[in-house]
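Chemist: Here is the input, now give the coordinates:
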Amino acid sequence: LRPPVGHGESRQLLIVGSQSSGTVQTSASLATLGFEVAHEASDASTTFCRDGTVSWFHGIRFLPGIAPDESVELICARSLRNM
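Modeler: The predicted structure follows:
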């Protein structure tokens, strides 16, 4: 096994998409090709994700500004429970 990527080190790959856009399948397909990627995980010290992450939630960092608490609560309240 390769050593984990530290918290301050950059990732090789970050794929973002909206919920239900196929991020689970994308991470599985990349793993089949030999990439060490995880779905919704980015801590390489506890998860095999040294090559990157496939995630809808990690895309939030690309939204401008700071979301008010009401927006965060709304996103959590409307999440799809089957995911």
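Chemist: which sections of the chain are below the confidence cut-off?
Modeler: Low-confidence segments of the chain, defined by pLDDT under 70: 1-2, 4-5, 7, 10-11, 78-83.
Chemist: all strands of it, in order?
Modeler: 13-16, 37-39, 52-55 (DSSP state E).
Chemist: mind giving me CSV with these and columns for mean neighbour count and distance to residue 26?
Modeler: (C-beta placed from N, C-alpha, C; glycine too.) Putting the strands of the chain into CSV (neighbours: other C-beta atoms under 10 Å; distance: least, C-beta to C-beta, whole Å) gives the following:
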stretch, mean neighbour count, distance to residue 26
strand 13-16, 16, 6
strand 37-39, 22, 8
strand 52-55, 23, 5
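Chemist: These: which one's closest to residue 64?
Modeler: Counting by C-beta to C-beta, residue 64 lies closest to strand 13-16 out of the strands of the chain; the figure is 15.1 Å.
Chemist: Packing partners of the closest one?
Modeler: Helices and strands touching strand 13-16, by 3 or more C-beta pairs under 8 Å, 6 or more residues apart in numbering; DSSP states H and E, are helix 23-32, strand 52-55.
Chemist: got the contact list for it?
Modeler: Contacts made with strand 13-16 from outside it, assessed by C-beta atoms under 8 Å, 6 or more residues apart in numbering, are listed as 23, 26, 30, 35, 37, 51-56, 58-59, 62.
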